[in-house]
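Peer 1: Predicted structure and sequence below. I'll ask about it afterward.
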Amino acid sequence: MPGITREEVAHLARLARLELTAEELDHFAGQLDDIIGAVARVADVATEDVPPTSHPLPLTNVMRPDEVRPGLTAEQALSGAPAQEQQRFKVPQILGEE
Amino acid sequence: MTDLIRLTAAELAARVAAGDVSAVEVAEAHLARIDAIDEKVHAFLHVDRAGALAQARAVDDKRAKGEPLGPLAGVPLALKDIFTTEGVPTTVGSRILEGWIPPYDATVTKRLKEAGIVILGKTNMDEFAMGSSTENSAYGPTGNPWDLTRIPGGSGGGSAASLASFQAPLAIGTDTGGSIRQPAAVTGTVGVKPTYGGVSRYGMVAFSSSLDQGGPCARTVLDAALLHAVIAGHDPMDSTSIDAPVPPVVEAARAGSVAGLRVGVVKEFRGEGFQTGVMRRFDEAVELLRELGAEVVELSCPSFEAALAAYYLIAPSECSSNLARFDAMRYGLRVGDDGTRSAEDVTALTREAGFGPEVKRRIILGTYALSSGYYDAYYGSAQKARTLVVRDFARAFEQVDVVVAPTTPTTAFPIGERADDPMAMYRADLCTIPVNLAGNAAMSLPCGLAPEDGLPVGLQIIAPALADDRLYRVGAAVEAAFQARWGHPILEEAPAL
């Protein structure tokens, strides 16, 4: 399988919302190329007939009765917020101006 | 009174219950020990003196009123800084949560408090539990009490070091690929990764949700069992919590026997990369099991060779998704919000400033493994390799009751040696990772010191899911036999701090 380039790392970092520095890109690209080279060996054992396992337990939806229960107050929920206004999380602008 | 810090949790609880010593005195002795030596060890990120003393006083009040006390009431504990604690900082070893005060307790925290256990503080860890040395903590490394220039393992290095340096008789860790067992092995302590789903993950900061599991850490097998019984059991707040009775771990630890038991030795856990002295102590432990009446069976688990690779695709994939919640909007750090930048730019700047190198590497790796075009080759193949590991364990447990292996291929390595060599660091978890992939239960306990460096070696015992009691049955027998041979617990050989 192909390795990973500095440009690909930069693209992945953007997708993952990480504003990496140029030095980090240089450093991580080489390391990630090594790691990917090493982990690519899983493809050798992953033959067609083997089903995937995503979880150690058979997962089922867990439901509970739809009843009101005590929860956090607005004040508690906002206690760690970087910024708040009128009992709401205050965030930077999400959409453009126009 | 200074010898209070050397007592086991079971002994401390008995003395508190009998009124020989108060819970406050026990807490004060441990807080004094922390004051005296933790500057050197750096096991704790936060010491909650007031909270600990208040919890201890509550136990003393209860006793004075003649109310029943739990089996560990009044015993101090060091809590890994990955569990939320209402009103007490929780950082996960990361700058991105620096100063964050959770508004709620994790289920584990809640159960500890209800049991009258006295939480001394929060312990150091690799950032978001990603690492095998605690060097990835944003708040500086922890020293191994056996040699402060060496790593105490990771990610739960702070919890293990607090036990080995007698700052706490009990601790809690989490184990995604070995983060309870590997620190236990390199510090000469006991650590248990319960069956996946055995201990609630509610309020435990998520790294890789199909692998993460909280569990007990202690200096003796019985203490670990007593703590296991406190924290385990079904929790409606965690959809992956198993709704089944907790295996009888305390009874098993008290019974301690291997007579007639079939013990498997995996032949793949040997050879290149395994330190000579580690294998020598491991082989002696297998011989001991035979002497104690166990039947030893050699097994082959060929898929284990691919387990490390599968893990380093699955865990980063899940982490890249889980850590998306750190977006600088609702809690934690926010950087660059000067009124001109968009939310998206603020998120990217905050994550750049708040995450350390290993977390960034894993987020990028996971993003890669999950991206279209690579998904089948990487994440998809890793999930298939995981199936093969599950099958190898299933086959093994048709032939044997437990599997034993070295916990780690080497003893504690020097701080800095592997800090910028991710693949070398990852290999520290070679023998622990298959257990997480399959969701089994496993324990690490001391089996001696490696002759070449005098550092602790861990014996790993692995049991099928929901058979956690077997770990304690075998572990207690091995512990008793080794201590009879050595004449004392292994930590008595650790240098004074």
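Peer 2: That came in fine, so what should we check first?

Peer 1: OK, contacts around the nearest residue to residue B:244 once chain neighbours are set aside?
Peer 2: Nearest residue to residue B:244, sequence neighbours excluded (CB to CB, 6 or more residues apart in numbering or on different chains): residue B:466, at 6.5 Å. For glycine as for every other residue, the C-beta is placed from the backbone atoms N, C-alpha and C. By CB atoms under 8 Å, 6 or more residues apart in numbering or on different chains, the residues touching residue B:466 are B:195, B:198, B:242, B:244, B:247, B:441.

Peer 1: from those, which is closest to residue B:471?
Peer 2: The closest of the contacts of residue B:466 to residue B:471 turns out to be residue B:441 (CB to CB; 5.8 Å).

Peer 1: and that closest one, how many neighbours?
Peer 2: 29 (other CB atoms under 10 Å in any protein chain shown).

Peer 1: pretty sure it is touching residue B:472, no?
Peer 2: No - using CB atoms under 8 Å, residue B:441 makes no contact with residue B:472, being 9.8 Å away.

Peer 1: quick one: contacts of the host helix or strand of residue B:405?
Peer 2: Residue B:405 belongs to strand B:402-406 when assigned by DSSP states H and E. Contacts to strand B:402-406, defined as CB under 8 Å, 6+ apart, come from residues B:185, B:261-266, B:269, B:274, B:278-279, B:282, B:285-286, B:289, B:299, B:393, B:396-397, B:431, B:457-463, B:470-471, B:474.

Peer 1: Got the confidence number for whichever residue of chain A sits closest to chain B?
Peer 2: Going by CB to the nearest CB, chain B is nearest to residue A:56 of chain A, at 2.6 Å. pLDDT recorded at residue A:56 is 92.

Peer 1: What separation do you get for it and residue B:216?
Peer 2: Using CB to CB, to the nearest Å, residue A:56 is found at 20 Å from residue B:216.

Peer 1: same thing with residue B:70?
Peer 2: 15 Å.

Peer 1: Show me where chain A has its strands.
Peer 2: A:84-85, A:88-89 (DSSP state E).

Peer 1: can you check chain B too?
Peer 2: Ranges of strands in chain B, per DSSP E, are B:44-47, B:76-80, B:118-123, B:170-174, B:190-193, B:214-218, B:262-266, B:295-299, B:402-406, B:441-449, B:456-463.

Peer 1: wait, what's in contact with residue 87?
Peer 2: Answering for chain A, as no chain was given. So residue A:87 contacts A:74, A:75, A:78 (CB under 8 Å, 6+ apart).

Peer 1: that's the other chain; I wanted chain B
Peer 2: Counting by CB under 8 Å, 6+ apart, residue B:87 has contacts B:51, B:101, B:102.

Peer 1: So which residues on the stretch 51-200 of chain B come close to chain A?
Peer 2: B:100, B:101, B:102, B:103, B:104, B:196, B:197 (CB under 8 Å from any CB of the partner chain).

Peer 1: Model confidence at the residue nearest to the fifth one when sequence neighbours are not counted, what's the number?
Peer 2: It refers to residue B:104. Nearest residue to residue B:104, sequence neighbours excluded (CB to CB, 6+ apart): residue B:86, at 5.5 Å. As predicted, residue B:86 sits at a pLDDT of 98.

Peer 1: Counting neighbours, what do you get for residue B:86?
Peer 2: 17.

Peer 1: show me what contacts it?
Peer 2: Taking CB under 8 Å, 6+ apart as the contact definition, residue B:86 lies against B:102, B:103, B:104, B:105, B:109.

Peer 1: make it 7 Å
Peer 2: Contacts for residue B:86 (CB atoms under 7 Å, 6 or more residues apart in numbering or on different chains) come out as B:102, B:103, B:104, B:105.

Peer 1: And the pLDDT for the closest residue to chain A within the stretch 1-150 of chain B?
Peer 2: Using CB to the nearest CB, residue B:103 is the residue of the stretch 1-150 of chain B that sits closest to chain A, at 3.9 Å. Each residue has a pLDDT score; the one for residue B:103 is 97.

Peer 1: again with residue B:39
Peer 2: 98.

Peer 1: Return the distance of it relative to residue B:47.
Peer 2: Residue B:39 is 12 Å from residue B:47, by CB to CB.
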